[in-house]
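Student: Output the structure for:
(5 chains, ligands or ions: 31)
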Amino acid sequence: MPQTVHKKNGLPPGSLVYVGEPPTSKTVIRHIRYSQNEMTIEEVATPEQCVLDPGWNHWIQCIGVHDPAVLEGFRKHFGIHPLALEDVMNTEHRPKLEHFPDSLFLVCKWLGFNEDRSLSDNHISLIMQNDVLLTFQEGGRDIFTPLHARLAKPSSRLRQRDLDYLVYSLLDTVVDSYFSLMETLGQHIEDIEEQILNSPDRDIRLTLQNMRASTLRIRRIVWPLREILSDLLRDPRETFQDEVHSYLRDVYDHVIQSIDMLDIHRDMLASLFDLHLSGVSLRMNQIMQMLTLVATIFIPLSFVAGVYGMNFEYMPELGWEWGYFAVLLSMGGLAGVMLWVFKRRGWW
Amino acid sequence: MPQTVHKKNGLPPGSLVYVGEPPTSKTVIRHIRYSQNEMTIEEVATPEQCVLDPGWNHWIQCIGVHDPAVLEGFRKHFGIHPLALEDVMNTEHRPKLEHFPDSLFLVCKWLGFNEDRSLSDNHISLIMQNDVLLTFQEGGRDIFTPLHARLAKPSSRLRQRDLDYLVYSLLDTVVDSYFSLMETLGQHIEDIEEQILNSPDRDIRLTLQNMRASTLRIRRIVWPLREILSDLLRDPRETFQDEVHSYLRDVYDHVIQSIDMLDIHRDMLASLFDLHLSGVSLRMNQIMQMLTLVATIFIPLSFVAGVYGMNFEYMPELGWEWGYFAVLLSMGGLAGVMLWVFKRRGWW
Amino acid sequence: MPQTVHKKNGLPPGSLVYVGEPPTSKTVIRHIRYSQNEMTIEEVATPEQCVLDPGWNHWIQCIGVHDPAVLEGFRKHFGIHPLALEDVMNTEHRPKLEHFPDSLFLVCKWLGFNEDRSLSDNHISLIMQNDVLLTFQEGGRDIFTPLHARLAKPSSRLRQRDLDYLVYSLLDTVVDSYFSLMETLGQHIEDIEEQILNSPDRDIRLTLQNMRASTLRIRRIVWPLREILSDLLRDPRETFQDEVHSYLRDVYDHVIQSIDMLDIHRDMLASLFDLHLSGVSLRMNQIMQMLTLVATIFIPLSFVAGVYGMNFEYMPELGWEWGYFAVLLSMGGLAGVMLWVFKRRGWW
Amino acid sequence: MPQTVHKKNGLPPGSLVYVGEPPTSKTVIRHIRYSQNEMTIEEVATPEQCVLDPGWNHWIQCIGVHDPAVLEGFRKHFGIHPLALEDVMNTEHRPKLEHFPDSLFLVCKWLGFNEDRSLSDNHISLIMQNDVLLTFQEGGRDIFTPLHARLAKPSSRLRQRDLDYLVYSLLDTVVDSYFSLMETLGQHIEDIEEQILNSPDRDIRLTLQNMRASTLRIRRIVWPLREILSDLLRDPRETFQDEVHSYLRDVYDHVIQSIDMLDIHRDMLASLFDLHLSGVSLRMNQIMQMLTLVATIFIPLSFVAGVYGMNFEYMPELGWEWGYFAVLLSMGGLAGVMLWVFKRRGWW
Amino acid sequence: MPQTVHKKNGLPPGSLVYVGEPPTSKTVIRHIRYSQNEMTIEEVATPEQCVLDPGWNHWIQCIGVHDPAVLEGFRKHFGIHPLALEDVMNTEHRPKLEHFPDSLFLVCKWLGFNEDRSLSDNHISLIMQNDVLLTFQEGGRDIFTPLHARLAKPSSRLRQRDLDYLVYSLLDTVVDSYFSLMETLGQHIEDIEEQILNSPDRDIRLTLQNMRASTLRIRRIVWPLREILSDLLRDPRETFQDEVHSYLRDVYDHVIQSIDMLDIHRDMLASLFDLHLSGVSLRMNQIMQMLTLVATIFIPLSFVAGVYGMNFEYMPELGWEWGYFAVLLSMGGLAGVMLWVFKRRGWW
Ligand SMILES: [Mg+2]
Ligand SMILES: [Mg+2]
Ligand SMILES: [Mg+2]
Ligand SMILES: [Mg+2]
Ligand SMILES: [Mg+2]
Ligand SMILES: [Mg+2]
Ligand SMILES: [Mg+2]
Ligand SMILES: [Mg+2]
Ligand SMILES: [Mg+2]
Ligand SMILES: [Mg+2]
Ligand SMILES: [Mg+2]
Ligand SMILES: [Mg+2]
Ligand SMILES: [Mg+2]
Ligand SMILES: [Mg+2]
Ligand SMILES: [Mg+2]
Ligand SMILES: [Mg+2]
Ligand SMILES: [Mg+2]
Ligand SMILES: [Mg+2]
Ligand SMILES: [Mg+2]
Ligand SMILES: [Mg+2]
Ligand SMILES: [Mg+2]
Ligand SMILES: [Mg+2]
Ligand SMILES: [Mg+2]
Ligand SMILES: [Mg+2]
Ligand SMILES: [Mg+2]
Ligand SMILES: [Mg+2]
Ligand SMILES: [Mg+2]
Ligand SMILES: [Mg+2]
Ligand SMILES: [Mg+2]
Ligand SMILES: [Mg+2]
Ligand SMILES: [Mg+2]
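Tutor: Numbering: from 1, shown residues only, chains lettered A, B, ... in the order given. Ligands and ions are numbered 1, 2, ... in the order given. Predicted coordinates for the structure are as follows:
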C-alpha cells in the first residue's frame, strides 16, 4: 500500500520525488547497442555518456530510480517530459500507457513473492523513442538479464528485428513473472486449504487476510496491462511492425490467462474463509456433543446417588440387603439406555 | 490448475514445450481424405507422409501433442506459425481464435468428469487452411471417432459439404461434451443436497470446495467459446459458407444453453454451503436443547437431595415419618412442571 | 433441470429427438382459418390435411411435440428447416429468435406453478411464414384456447388485423402467465417469511432451496424473451406492421415488469435465509440463557449443601441449633441476589 | 407488491381495469387554463366539459384513476391511445416514456412513507399534447397543489413559459418527494442501527426485512426515471425548448443524487443484518462466559465436598481436628487461583 | 448524509437555499489578478468591488457559501445562471460538470478526516468564464492557500500559463486530498485489523459500520470526478490548451489511482467483519473447550463420590480398610485417562 504518496502533495506537477522503499543499492546505467552484425554492453556513470550513434538500436537500462539527479540527467539528455519522469520515480503509480508526440511511455510492474509470502513488485517504465529504448526499474533484482544473453547471439530473433521486438520481449518477461506468481499463489491456497481441513487453528485468519490483500493488489496491477496491450494492438500509429503484432497478441493472451487464473484463485480464497468458519462450527459441535453426552448421562445418575445420600430417618430402601446393588444396577441400566438413544441419534 | 507453465519462462517465443500431464501413449497421426465420391483413412508415421492431392478434402488428425519433433514436422510440412504451434502444445492455454493470413487457428477444450468426479479436459486445436484441416488433441480418449463413421457414409451431409461443415461438426462434438458434463454436474449437486439435508457430516466441505473449483475451471473454458463462435458468425472473411451459418448458430445456441445451466449450477452450489452451515446450526440447537432439558431438570433436584444430605444436627424434616416420600413427591412434581413448561415453549 | 439432453449427443444435427417428460396425450393438430368475414376451426389428423387456400390467414396449432413422425410431416408440408424442427422438439431449449430466409422462428415458454409449488413450463414454438402461422406446444394444458373465442367474434381486433397481431396476442398470453407466476411467487415468499418469523423449524431449508432453484430457472426463461422482443421492435424487416408495434411495446413493458418483480422476489428470497439463520441463533441464545440461569443459580447452592454434607468430625456449624435454617436462608438470599443481577443484565 | 395484476390476464389489450387499492374518494377533474395574462381553475364533472379555447395553455388534472367510465370519457374527448389509458389505470405499472405520433406519454410515481414506515406511492401519468397537458394521479393526496399557487402569480416562471416548463415543474415535484423519502429512510436506518447496538432484541428482523423490501421497490421506481429523463434530454423532437433543457438537467441531477443516496442506504441496510448477527454472537459469548465461570469454579469444589461426604469407615482426614477448616481453605484457594486465571485470560 | 435537503422542496428552481452545517465564519471574497509580469491579491467586501480590467487573469475566490445575499451579488455582477448558483450553495450536491453557453461549471469536493475519524468534506464549485475564474468553497479551511505562494513566484508555470492551468492546479489540489485520505484510511484499517486480531472486543462493530459509511460516501464523491475529467479530456470545445491536456491526464491518472486504492480499502473493510465474526467464534470455541474439559472430568468423579456418599446399610466397599484410598486412586486414574484422551484430540 502506498505509504508515502503524500510526500508529493502540494508540490507543482513534474516534481521528481522518489516514492517507495529506501533504495538499497546505487543506480546502475547500462548502454546496450546492437545491430544485426554487432552488439556491445557498456556500464556508464551518467546518462550523458550514452552516445547515440545512428544505424544502431540503443537500449539504455537504468536500474534504480531513487536519485533525482540521475533522472534529471536523463530528462535533459533524452528530452523526456517531466510528467513522464515523475511517474518513473513514483513506484506506486499504476500501469499506464501514454503517447507523447515523439515517444511512447509505458509503465508496468514485475511481480513476485518474497520468502515470507508477501508480495514484491518492481516498478518498470519504458520510454520508446525513435531508435532509443529507455527502461527504468527499481534496483535489487536484475529482471532483464536473460535478454542480454539472447541479444548476444547473432542468430536470435532479437538481433534480426528492431526495437519494437525488444519492447515485446521485455513485456513478455514481465508477463512471465505473473505466471510464476499465479502458480505460487495456487500452491499457497492449496496449502491453506489443507491446513484448514486438517487443523482448524487460529493463525489462518491473518494468513487469509494477507492473501486477500495480495490478490487485490495483483489485480490492480495485472488488469491495466490487459488494456495497455489491447491499446497497443489497436494503435493506428505504426509503432509495432506487422510481424510483431502476432507476438504482442501472444503476450495479450498470456495476460488474459493470468487474469483467469487470478480470478479462480480469488474465488477459491473467498471460499476458504467459509471453509474455515464451517470447520470452527463443526468442531464446536463435536465439543458440545461430548459435553452433552457426559452431562446428560451423569447428572441424572448423580441425582439418584444424591437421593440415597439424604439423611431421612425413614427411608425403607436403605435397609434392604440388596438395595445398594439394585441401585448400582439400575444406574448402569439407565446409562446404557441413554447411550443407546444417543447412538441411535448419531451423537456418539 | 496449470502447474508447469513456468517451464516456459525465459524461453524465446515459439519454443515448443509440452505443458501438461505426462503423456501415456504414442502420438497417432491419421490422414483422412474425402470427396463426394470417395473417402480413405490412413494412419501415417510422420506428417511428411500426408500427400495433399488436390480435389480432395484433407483432414489430418494428430492425437498426442507432447512430442516436439512431431510438431516440428507439422510446422515444416504445413507452414504453421510457430506461435500457433506453441499454443497447440500448451495444454493449459485458454480457448482462443486467431486469424493468420492464410489460415484460421482455433483452440477449445473437450470436457468430462473422471470416475472420482474430478474434471478431465482435452486440449483441442484446429488449424484450417485452404483444403486442409489439421486437428490436434491430447492422447488418451479418441473424441472424434464417431465422425469417421459418419464420413464413411456417402449420403451424409459431411460428405456432401466442404471442410467448413467438418469444422462445425467437430465443434458440435466438443459442445455436446459440455451438455453431458452439465447433466452430471447437476446430478452431483442433487446428491450433495440430499446428503446435506439427511446427514450433516464433515466430508461435505472438501467435496463442495472441489466442486466449486471445477465449476470455476469450466466457466473459464466454456465462456471464451461463446465469444469465439460469435466472432465466427460475424466474420467478414467467407470462411464458412452461408448454409453452414445456421449450423454454427445452432452450436452457438448450445454453448449459451450450457452457460445458462452452468450458472444455475454455480448458484445452487453456492447456496449448498449455506444449507450445510444452517444444518450444523440446527443440529447444535438440538444438542443444546437436550443438554438444557436434562441439566435444568436434574440440577435443581440434585440440589434438593443435597440439602437433605446435609449433616446438621437439628433438621426437623429428617425426623418426619413421611419426609422422604414427601420430598420424592415434590421432586417429581417439580420435574413435571418443568417438563410442561419446556413442552409449551416447544423445546421438547 | 434437463436430464435427457445427452440423448442427442453424437447424432447429426437436425435429428428429431424428443427431450422432456414422457408425453401423456396424443398429438392434436388444429387448422384455424380466418378472414375479416369468416373463421373456421378444424381438427385434422396429419399436417398434410391442412389446405392453405389463399386470401385467408392460417393458424396451424400442434399440441404435443413428442412424435417425430408428425413433426417430419410438418417439415415436408410446410418446408421447415430441420434445425428449427429440432428445437421445437427439444423442450429444454432456451427461448430464442431466429430469422430464416422465408420465415421467423421464435421459441418461448409458458410458465406456471404446480400444486406442490414446483415449476411447470410449456415449451412454445412459433413459425411465422407468409400467410401461415404454425404454433407448437407441449400437450397437457390448452394454453391458447381463450384466443379461439376472441377469434370467433367478427368485431375483435384479432379478426380485423393480420397474422402479426395474432403473434402479438400469443406472446401476450405467454407473458400474462409470468404475471400470475410472480404473484404466486410473492405469496409463497410471504408465507415462508411468516413461517420463519413464527416457528423456526427445519423444513424451511428444503423449501428455500427449491424456491431458489425455481427462480433461477424462471430468470433463464424470462430474460431471453426481453431480448427477443427488443429485437422484434428494432427489426428492419417489416414483419410487424406499424400499428402492431405499440402492442409489441406493451408486451415488452410487461416482460420488463415481470423481470423487475422477479428480481425483487429473488432479493427477498436471498434475505430469507439470513432471516432463518438469525432466528436459529436467537433461539439458541434463549436456550443458553435458560441453561445458564438454572446452572449458575443451583450449582453454587449445591456446593454449599455439599459442604455441609461432609462427614468431618469437627464441623462447629452442624451443632448449632439454627444452623440448618441459617444455611437455607443464606441459600435463598444468594439465589435472590443472582436473580436480581441476571434481571438487571436483561437475561431473564 | 402487485396483488391484482392477474385481473387483466386473458383480456384483450387496452381493456380498462383498475389495478390497485380500493379507491377512497370520488374522481376530481380540474381544468386549469393559463396564459401570460390570465389564469383560471375550474372543477368540472366530466372530461367533455373542458373547452380547449386556443391561445391558452390547458392543464387538465384528473385525481382518481379507478373509474373506467371517466377514463373512457378522456379517451374520446382527447383522442388518447387505449394502451396509454390502460397504463394510466394500472397503478402497478413501472415508470415509462412513450412517444405516440401526436403526444408524449410519461408514467412516474410520487413516493412517501406512511406513519407505520410502510411505503406509499402515487401513480402519476402525464400526456402532453400540443396545447394540452393531461395529468392523472391516484386519489387521496393532492400532490400538485403547490403549483396552483405558483401558477396564480403572474410573475412566476410558470406563467412566463409554456407547457413544457409545467411538465418540468411536475417532474421536479415528483423528484423532490424522493429527497424527502431518502432523508426519512436515512433517519430510519440510524434509528435501527442505534437499536441494534444498544439492545439486541428480536423484532429487528421483521423491521429489517420490511425495509429491505421497501428499498427494493424504491429502486425499481427511481431507476427508470433516470433513463426517462436522459431520453428526454437527448430527444431529437423539440418537445422541450432549449431554455427548459437546463431545468430538465437539474431534475436529472436530482434523480442521480437520489439514486446515490438510495444505494448508500441499501449498503448500510445490508450491513445492519451483519451488525445484528454479530451482536447476537457477542451476547452469546457473554452468557457462555458467565456459565463457564460459575461451572468451572464450583464443579471441582463440589467434587471435593462430595469426596469428604463419602461414608468410608477409614478416612483419616475426617478425624483431624482442623480437617474441615483446611478443606474450606484449600477450596477458597482453588477458587482464587481459577478466578485469577480467568481474569488473566480476560474472561471476566 | 444530507439532512436538510428537504428545505428546498416545493421552492421554484434556482432558489438560493444554503444546505449544510451552520456556517462558523463570515464569507471571505478575494480578488487575485495576475499576468506574466505582475500579481495582486486583494480582499473585497462584495462581489461588485471586483474590477475586471482586461489583459489580466482574474481569480475570484469566495470562501463561505451560506449567505444568499452575497451569492445574489455574484449572480448579478458575473451573470451566473441561477441553477448553477443553486448548486453552489447546495453543499450536498454531487460532483458534476455542466457547459453553459459562455461558461463551464464544475462541482467537486475536497475530502479529509476529522480528528474523530469522521469524514469532512468541502464543497467546491468552479465557474470558468472567458478571463475570469470564480471559485466557491465552504468556509473553515483555506484549501487553496498554497497556490497563492506559487502564483506569487513570477517563474512558476502558473504565471507563465493561462487560467486553464490554474483550473488544473485547483483540481490537482483537490485530488491530492484524496491521496492523503486514502493513506489515512489504509492506516485506520490496519489499526482495526490489529485490534480484531489481538482483542476481540465489542466496540469494533460501531467503528466498522462508520468506516463503511465513510467509504460509501467517498466513493460517491470520487467516482463522478473520474467521469468529469474524462469528459474534459474529450471536450471538443477548446477550453483547455493542448499543453495542459498532459497535466489533466495526470490528474485523471491520480483519480483512477485513488479509486483503485479505495476499492482495495473497501474490500479489506468488508473482510474485516468476517475476521471479527470468526474471532468471536474462535473465542467461543475456547470457552466451550474449557467448560467441557472441567465438566466432563469432574461430573463423573462427583458421581463416584456421590455413590459412596449413599447411606445404604449394606455397602461392602465402605468397610474395606483401603476402600477410600482405592477410590481416590481410581478417580485420579479416570481423570488422567480423560485428560490424555482430550490431549490427543487436541482439546487441551
Ligand atoms: Mg502531480
Ligand atoms: Mg514497491
Ligand atoms: Mg510469455
Ligand atoms: Mg496487513
Ligand atoms: Mg475490474
Ligand atoms: Mg501463445
Ligand atoms: Mg511466449
Ligand atoms: Mg489438462
Ligand atoms: Mg450439439
Ligand atoms: Mg484441491
Ligand atoms: Mg464473465
Ligand atoms: Mg438448435
Ligand atoms: Mg445438434
Ligand atoms: Mg419441461
Ligand atoms: Mg399482457
Ligand atoms: Mg432438488
Ligand atoms: Mg443477466
Ligand atoms: Mg401497457
Ligand atoms: Mg395487455
Ligand atoms: Mg400503489
Ligand atoms: Mg427538485
Ligand atoms: Mg412482508
Ligand atoms: Mg441496475
Ligand atoms: Mg441543480
Ligand atoms: Mg455470510
Ligand atoms: Mg430545484
Ligand atoms: Mg458537508
Ligand atoms: Mg496530484
Ligand atoms: Mg452512524
Ligand atoms: Mg459505480
Ligand atoms: Mg503522473
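
Student: Next, work out how far apart the nearest residue to A:Gly139 once chain neighbours are set aside and ligand 8 are.
Tutor: Once flanking residues are discounted, A:Gly139 sits nearest to A:Gly64: 3.8 Å by CB to CB, 6 or more residues apart in numbering or on different chains. For every residue, glycine as well, the C-beta is placed using N, CA and C. Noted for A:Gly64: a distance of 42 Å to ligand 8, by CB to the ion, to the nearest Å.

Student: A:Val28 is in contact with A:Gly64, correct?
Tutor: Yes. The criterion here is CB atoms under 8 Å, and A:Gly64 meets it with A:Val28 at 6.3 Å.

Student: Overlap of the contact sets of the two?
Tutor: A:Gly139 (CB atoms under 8 Å, 6 or more residues apart in numbering or on different chains).

Student: related to what we said a few turns ago, just the pLDDT for the residue nearest to A:Gly139.
Tutor: Listed pLDDT for A:Gly64 reads 92.

Student: More neighbours: which of A:Gly64 and A:Val28?
Tutor: Ranked by neighbour count (other CB atoms under 10 Å in any protein chain shown), A:Gly64 and A:Val28 place A:Gly64 first, with 19 against 15.

Student: For A:Leu106, pull up the helix or strand it's in.
Tutor: Per DSSP states H and E: A:Leu106 is located in strand A:103-113.

Student: Count the neighbours of A:Arg117 for me.
Tutor: Neighbour count for A:Arg117, taken as other CB under 10 Å: 14.

Student: what sits against it?
Tutor: By CB under 8 Å, 6+ apart, the contact set of A:Arg117 is A:188, A:210-211.

Student: Between those residues, which sits nearest B:Trp56?
Tutor: Set against B:Trp56, the nearest of those by CB to CB is A:His188 (53.6 Å).

Student: quick one: stretch A:182-191 near chain B?
Tutor: Yes. Stretch A:182-191 lies within reach of chain B by CB under 8 Å from any CB of the partner chain, at A:182-183, A:186.

Student: how about the helices in chain A?
Tutor: Using DSSP state H, the helices of chain A run over residues A:68-78, A:82-89, A:145-152, A:157-160, A:163-198, A:204-234, A:242-307, A:316-319, A:323-344.

Student: Compare those and say which comes out lowest on pLDDT.
Tutor: Looking at the helices of chain A, the bottom one is helix A:316-319 with a mean of 81.

Student: so what does it touch, helix or strand wise?
Tutor: Here helix A:316-319 touches no other helix or strand, going by 3 or more CB pairs under 8 Å, 6 or more residues apart in numbering or on different chains; DSSP states H and E.

Student: Could you list the domains of chain A?
Tutor: As assigned by automatic domain parsing, chain A contains the domains A:1-153, A:161-287, A:288-344.

Student: for the ones you listed, which one sits closest to ligand 9?
Tutor: Relative to ligand 9, the nearest member of the domains of chain A by CB to the ion is domain A:161-287, separated by 25.2 Å.

Student: Tell me who's in contact with A:Leu133.
Tutor: Shown in contact with A:Leu133 (CB under 8 Å, 6+ apart): A:57-60, A:126-127, A:163, A:166-167.

Student: try 7 Å
Tutor: By CB atoms under 7 Å, 6 or more residues apart in numbering or on different chains, the contact set of A:Leu133 is A:59, A:126, A:163, A:166-167.

Student: now it: how far from B:Thr292?
Tutor: Here the criterion is CB to CB, to the nearest Å. By it, A:Leu133 lies 76 Å from B:Thr292.

Student: do the same with A:Leu225
Tutor: In this view, A:Leu225 and B:Thr292 are 59 Å apart by CB to CB.

Student: for A:Glu243, same thing?
Tutor: A:Glu243 is 78 Å from B:Thr292, by CB to CB.

Student: Now A:Pro22: closest residue in space that isn't a chain neighbour?
Tutor: Nearest residue to A:Pro22, sequence neighbours excluded (CB to CB, 6+ apart): A:His66, at 7.8 Å.

Student: how many neighbours does that neighbour have?
Tutor: Other residues within reach of A:His66, judged by other CB under 10 Å, total 20.

Student: was I right about it contacting A:Leu16?
Tutor: No. Taking contacts as CB atoms under 7 Å, A:His66 lies outside contact range of A:Leu16: 10.2 Å.

Student: now the helices of chain A in CSV, with distance to B:Ser258?
Tutor: Shown next, in CSV, are the helices of chain A (distance: least, CB to CB, whole Å):
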stretch, distance to B:Ser258
helix A:68-78, 54
helix A:82-89, 44
helix A:145-152, 42
helix A:157-160, 40
helix A:163-198, 26
helix A:204-234, 26
helix A:242-307, 18
helix A:316-319, 76
helix A:323-344, 45
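
Student: To ligand 15, which of these lies closest?
Tutor: helix A:242-307 (40.5 Å).

Student: just how off-centre is the closest one within its chain?
Tutor: 21 Å (CA atoms, centre = their mean, to the nearest Å).

Student: Could you do stretch A:323-335 as well?
Tutor: The chain centroid and the centroid of stretch A:323-335 are separated by 65 Å, computed with CA atoms, centre = their mean.

Student: Stretch A:96-116 too?
Tutor: Centre-to-centre, stretch A:96-116 and its host chain are 17 Å apart (CA atoms, centre = their mean).

Student: Can you list the buried residues in it?
Tutor: Under the neighbour-count criterion of 16 or more other CB atoms under 10 Å in any protein chain shown, stretch A:96-116 has A:96-98, A:103-111, A:113 buried.

Student: could these go into CSV alongside pLDDT and distance to A:Thr46?
Tutor: Listed next are these as CSV, based on pLDDT from 0 to 100; distance: CB to CB, whole Å:
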residue, pLDDT, distance to A:Thr46
A:Lys96, 95, 28
A:Leu97, 95, 28
A:Glu98, 93, 26
A:Ser103, 92, 21
A:Leu104, 94, 24
A:Phe105, 96, 22
A:Leu106, 97, 24
A:Val107, 97, 24
A:Cys108, 97, 26
A:Lys109, 97, 27
A:Trp110, 96, 25
A:Leu111, 96, 31
A:Phe113, 93, 35
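
Student: What's the local residue count around A:Gln40?
Tutor: Gln isn't right for residue A:40; it's Thr. Neighbours around A:Thr40, by other CB under 10 Å: 10.

Student: How confident was the prediction at it?
Tutor: Looking at A:Thr40, its pLDDT is 94.

Student: The spatially closest residue to it that is not a sequence neighbour: what's it in contact with?
Tutor: Nearest residue to A:Thr40, sequence neighbours excluded (CB to CB, 6+ apart): A:Arg33, at 5.0 Å. For A:Arg33, the contact set (CB under 7 Å, 6+ apart) comprises A:39-40, A:56, A:58.

Student: what do you get if the cut-off is 8 Å, keeping everything else the same?
Tutor: A:39-40, A:42, A:53, A:56-59.

Student: Just the CA atoms of the strand holding A:Leu106, as CSV, please.
Tutor: What follows is strand A:103-113 as a C-alpha-only set of coordinates in CSV (Å, rounded to 0.1, in the frame of the first residue of the first chain):
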residue,chain,number,x,y,z
SER,A,103,7.6,8.9,-27.8
LEU,A,104,5.6,6.1,-26.2
PHE,A,105,5.6,5.9,-22.4
LEU,A,106,4.6,2.6,-20.7
VAL,A,107,4.5,1.8,-17.1
CYS,A,108,4.1,-1.8,-15.8
LYS,A,109,5.2,-3.9,-12.9
TRP,A,110,7.1,-7.1,-12.4
LEU,A,111,5.7,-9.3,-9.7
GLY,A,112,7.0,-12.0,-7.4
PHE,A,113,6.6,-13.4,-3.9
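
Student: Report the strands that pair with it, each with its relative direction.
Tutor: Sheet pairing of strand A:103-113 (DSSP bridges) gives strand A:96-100 (antiparallel), strand A:119-128 (antiparallel).

Student: check whether the first one contacts ligand 31.
Tutor: No. On the criterion CB under 5 Å from the ion, strand A:96-100 is out of touch with ligand 31, staying 8.2 Å away.
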